[in-house]
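**Student:** Here's a sequence, model it:
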Amino acid sequence: MILAGVAKQFTPVNLQLLKQVGVDDLVYYNMRGMPTELESLRETQRIAAQAGLQLSVVEGGPPIDRIVLGKEGRDQQIEEYKRALENMGRLGIRILCYNFMPQVSDMAMVVRTSVRHAERGGARTSRFRLADVNAQTMPHDESPTTDEQMWDNLEYFLRRIVPVAEAAEVKLAMHPDDPPLSPICGMARIIRSVENYDRLLSLVNSPVNGITLCQGCFAEMGCEIPDVIRHFAGRTHFVHFRDVEGTPDDFYETFPDNGPRNMVDALRTYQEVNYQGFARVDHVPLLATEQGEYDGYGMHGHIFAIGYWRGLMQAVLEQNVN
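**Tutor:** Numbering: from 1, shown residues only. Predicted coordinates for the structure are as follows:
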């Protein structure tokens, strides 16, 4: 397993910080888009290299809001997607993490009902309570969608981009819906269970059609993480390392060392299945030394989570050697 780093605020200082805490590979993260043209993507790669980092994963990908809902303009977005995949392949960027959550407002996709939950020592994290969901949680004027409409839209998309991804040697890593509930505010969300992931993989049965194993989202589903790791061995192309406390209807983000899952067992299982891909820490608490509202990407929280993971990995690797 290769630990990669992410800097939502893509600044030279943050990139340097990732290198200083022991990261060599960068995840370019932007849920609203990515540099799709060859030269803009090459420039992003160059900026990462200046900090001693290799741009290895793109997370978010080109816009797919019209693709997800099957609206007019989706074919144009698909062509843009193909071009992005081709350019990633030319530059040797081999992983694209994406999702199929409806993007109908600025508050859509990852849905939370609070970003001021107090974790250990008052560190701020996010919380979701189904009982608190209302029209303002995900405001939109779209018509309600059904699961089967979404599956049709996903298959339409995958059948057109998977051959391009194969040719470009870029692996597609679908991220789960967060939270894994459907519908929310009338919008169906289909990537919400192990069974639905199995259906995703069978829509276009290709080695490049794989998953992002977000431990937090599978925990929200109520899954045992080692079981999920084993189930999707060979089709896991990217990993998110985080934990949550609660149930699918009512949960909050935790520090990675303060949640109910045994992270050592998870890392041992990745070793067991010989997972050799990239992983990153995700949704870290906002610490007292940081300003602003919680968004899961505070750099001080990342320093803690990366250090915690590196320590666990060193212990697991040494134990395997011994």
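
**Student:** residue boundaries of the helices in this protein?
**Tutor:** Along the chain, counting by DSSP state H, helices occupy 12-20, 38-50, 65-68, 74-90, 147-168, 194-203, 215-220, 225-231, 263-272, 299-321.

**Student:** so how far is the longest one from its chain's centroid?
**Tutor:** On the basis of CA atoms, centre = their mean, to the nearest Å, the separation between the geometric centre of helix 299-321 and that of its chain is 20 Å.

**Student:** With only the CA atoms kept, save that helix in CSV.
**Tutor:** Taking Å, rounded to 0.1, in the frame of the first residue of the first chain, the C-alpha atoms of helix 299-321 are listed here in CSV:
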residue,chain,number,x,y,z
MET,A,299,-3.7,20.4,7.0
HIS,A,300,-3.0,20.1,10.7
GLY,A,301,-5.5,17.3,11.0
HIS,A,302,-3.9,15.6,8.0
ILE,A,303,-0.5,15.8,9.7
PHE,A,304,-1.9,13.9,12.7
ALA,A,305,-3.7,11.3,10.5
ILE,A,306,-0.8,10.7,8.2
GLY,A,307,1.6,10.2,11.2
TYR,A,308,-0.9,7.8,12.8
TRP,A,309,-1.2,5.8,9.6
ARG,A,310,2.6,5.7,9.0
GLY,A,311,3.1,4.4,12.5
LEU,A,312,0.5,1.7,12.1
MET,A,313,1.9,0.7,8.7
GLN,A,314,5.5,0.4,10.1
ALA,A,315,4.3,-1.8,12.9
VAL,A,316,2.2,-4.0,10.6
LEU,A,317,5.1,-4.4,8.1
GLU,A,318,7.6,-5.2,10.8
GLN,A,319,5.2,-7.8,12.4
ASN,A,320,4.8,-9.5,9.0
VAL,A,321,8.6,-9.6,8.5
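
**Student:** circling back to that earlier point, for the helices of the chain, which has the smallest mean pLDDT value?
**Tutor:** Per-segment mean pLDDT for the helices of the chain reaches its minimum on helix 299-321, at a mean of 90.
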